[in-house]
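Peer 1: got a structure for you, letters missing:
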């Protein structure tokens, strides 16, 4: 059998493509060879160190991403509730809204009482509990009106067990007995087979449909490294014909993907080094070590998303503690790359983000804005600071030594107009020492701090979990 594409009559599935898809799927039924997940995951990776990373649109490089779970962003859990609060996000300084999967959730083998948004039942539909397609289009339209970009999650590696594509087993990875496989131990989803050309054709049509018909600005691509790079490169070429300056964010840490397919990926090594430094299991120097290691394997100029909190990790505020969570976020907003805010971080919300929150209704507690005023105050200072200083958005990064690198990280962001020195204490003990920077002329620009004299640096003091930022004009 082939998928009943008549269920999805939309412009992406024009008749020639439907016919081609049916022919490919029918042929695949005759020639499909069962394979193990490990065999199908295996890819020959290119050495891309000598290449330049693709050049992203300025709005990507200068952006502030906001990951938003429609189900938990409001008590209503709807597109319309998100639309109503877009002006607040724009005022905060967010520039790109990333909507976690908007599709209907699978119910067969689901996790929790509701199920995971990453177990998609129908790629061509929206979750009816969120609203209608027209509601989503209105959300995107309002976002564009207030100056925001919108991307959505695409889960291309796997589907729910009750996805409409299940009518065609050849579209899925199967064992030697023909049984459809889950990727790894993810029991609530089934792995798609990109060795079948029909799978590629269908998923490409999905991407084209959402980009064109909803005027989206790009995609966050779930477990992108498990899908063949060749598919993503083909998709990028096709999607740029619809929207040349789209953004593609890979949930991956694979250098090859940033050579031509994706604009940015996850800065996971940096996150884990930061986490370990805060928890005391590694020196703060690990943050620098991981940064330098990445530069040795990635294309030149590669862009990473900075993370201190997202839906796959424990909430930073509960995992690290309040002050340490803000120190972690300070690093994300001053380091090179594109910073990420997640679903309530800006008010100090402590509602869990990973399990069980992915599978249950656990709304953000927005009243925490009044209980933890230091969180909105922090972001209301840090985001405009990043926007005001080009060196923090696009400048080169140079690590500089200090007198206690086990606990404190210090670096300079530089461009043609300025040097910005950042010092962050990743410990619960105060620091009094010095930083090795050439020349003087620095003045403090830490949000909320009074301007200091130019003589403050190289002498440096930091409170526990303290952050100080200084600028020198060129």
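Peer 2: Okay, I see it. Since this is a predicted model, take the numbers as computed values, not measurements.

Peer 1: residue 295 in helix, strand or coil?
Peer 2: Going by DSSP: H, G, I helix; E, B strand; the rest coil, the secondary structure assigned to residue 295 is helix.

Peer 1: what are the structural domain limits within the protein?
Peer 2: Residue ranges for the domains of the chain, per automatic domain parsing: 5-388, 396-473.

Peer 1: shaky segments in this structure?
Peer 2: Counting by pLDDT under 70, the chain shows low-confidence ranges at 1-44, 451-455.

Peer 1: my guess is residue 401 meets residue 410, correct?
Peer 2: Yes: Residue 401 lies in contact with residue 410 (Cβ atoms under 8 Å); the separation is 7.2 Å. Glycine gets a C-beta too; all of them are placed from N, C-alpha and C.

Peer 1: neighbours around residue 333, how many?
Peer 2: By other Cβ atoms under 10 Å, the residues close to residue 333 number 26.

Peer 1: for residue 175, see how far away it is.
Peer 2: Per Cβ to Cβ, to the nearest Å, residue 333 is found 46 Å from residue 175.

Peer 1: what's the overlap in contacts for residue 401 and residue 410?
Peer 2: residue 435 (Cβ atoms under 8 Å, 6 or more residues apart in numbering).

Peer 1: would you say residue 253 is within a helix?
Peer 2: No: under three-state DSSP, residue 253 sits outside any helix and is assigned coil.

Peer 1: which non-adjacent residue is nearest it?
Peer 2: residue 268 (4.8 Å; Cβ to Cβ, 6 or more residues apart in numbering).

Peer 1: how close does that neighbour get to residue 275?
Peer 2: 10 Å.

Peer 1: so between the two, which is more surrounded?
Peer 2: Shown here are residue 268 and residue 275; by other Cβ under 10 Å, residue 275 has more neighbours (21 against 17).

Peer 1: OK, contacts around the more buried one?
Peer 2: 319, 320, 328.

Peer 1: likewise for residue 354?
Peer 2: Counted by Cβ under 8 Å, 6+ apart, residue 354 has contacts 311, 312, 313, 314.

Peer 1: quick check: the gap between it and residue 312.
Peer 2: In this view, residue 354 and residue 312 are 6 Å apart by Cβ to Cβ.

Peer 1: cool, residue 201 as well?
Peer 2: 30 Å.

Peer 1: got it, and residue 103?
Peer 2: 19 Å.

Peer 1: which one's more surrounded, those two?
Peer 2: A side-by-side neighbour count of residue 103 and residue 312, using other Cβ under 10 Å, places residue 103 first with 26 against 14.

Peer 1: for that one, which non-adjacent residue is closest in space?
Peer 2: Nearest to residue 103 is residue 120, by Cβ to Cβ, 6+ apart, at 4.5 Å.

Peer 1: so residue 310 sits right up against residue 66, yeah?
Peer 2: No: counting by Cβ under 8 Å, residue 310 does not reach residue 66; the two are 11.1 Å apart.

Peer 1: intersection of neighbour lists for the two?
Peer 2: 340, 342.

Peer 1: could you report the neighbour count for residue 175?
Peer 2: 12.

Peer 1: scratch that, residue 293 is what I was asking about
Peer 2: Residues near residue 293, counting by other Cβ under 10 Å: 13.
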